[in-house]
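*Asks:* Build me a model:
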Amino acid sequence: MSAIRSNQTRYPRWVLPLSVLAAIAVVVVAFPFQTLWRQQSALNQARSQIAQINRQSAALTQQAKAVSTTAAAIALAREEYQLVQPGQSLIQVLPGNGAGYVALNSTDPGTQPLVNIGQGVVPTSGATSSSAGSSHTGVQGFVSRFVRTLEFWR
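*Replies:* Numbering: from 1, shown residues only. This is a model prediction of the structure:
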């Protein structure tokens with residue numbers, strides 16, 4: 001048994017307690033610093049949100065001052081909300097229904113051209129379909145009208 005002990009390398013007795021103390025010190029120091037780091041990042045984020053809200057508040061205050069006069073409020077009501085004073089009437093001129101008129105970004109089916117029932121095909125914006133002679137034209141026309149109706153809800 002003495003031969004086995006002589007071959008083993010023995011560490012000084014102070015190495016194990018020192019390593020345990022070092023591990024405890026790392027754990028004791030690391031956890032509070034991680035918490036402080038997270039709290040600081042949360043505070044920075046809250047500060048940036050507060051600064052953004054303060055900028056929005058300043059802009060809204062400036063807008064409120066701009067429309068605080070009666071004339072500005074009346075102009076805003078006319079332009080933005082199409083309101084008129086008592087005794088006045090509002091007349092809106094809608095665009096013509098000429099051949100050159102195409103609604104660019106309109107998904108409102110009311111602005112689309114009328115369907116010719118005799119053709120059975122829904123005209124697309126700017127392009128005409130040449131599939132009037134096929135046997136599935138009525139079904140395709142119905143499906144395309146149905147799809148265009150569903151596009152209204154987008």
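*Asks:* drop to CA atoms for contacts and neighbour counts, all remaining ones
*Replies:* Fine.
*Asks:* and residue 142, how many neighbours?
*Replies:* If you count neighbours by other CA atoms under 10 Å, residue 142 ends up with 15.
*Asks:* cool, and residue 91?
*Replies:* 7.
*Asks:* Need the three-state assignment for it.
*Replies:* Judged by DSSP: H, G, I helix; E, B strand; the rest coil, the three-state class of residue 91 is coil.
*Asks:* the longest helix in the chain is where?
*Replies:* helix 15-66 (DSSP state H).
*Asks:* Following the chain past that helix, name the next helix or strand.
*Replies:* helix 70-81 (DSSP states H and E).
*Asks:* Which residues does that next one contact?
*Replies:* With contacts defined as CA atoms under 8 Å, 6 or more residues apart in numbering, helix 70-81 is touched by 66-67, 83-84.
*Asks:* got a markdown table for those residues, with pLDDT, distance to residue 38 and neighbour count too?
*Replies:* Output for these, formatted as a markdown table (pLDDT from 0 to 100; distance: CA to CA, whole Å; neighbours: other CA atoms under 10 Å):
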| residue | pLDDT | distance to residue 38 | neighbour count |
| --- | --- | --- | --- |
| 66 | 81 | 42 | 11 |
| 67 | 78 | 44 | 14 |
| 83 | 85 | 52 | 15 |
| 84 | 85 | 55 | 14 |
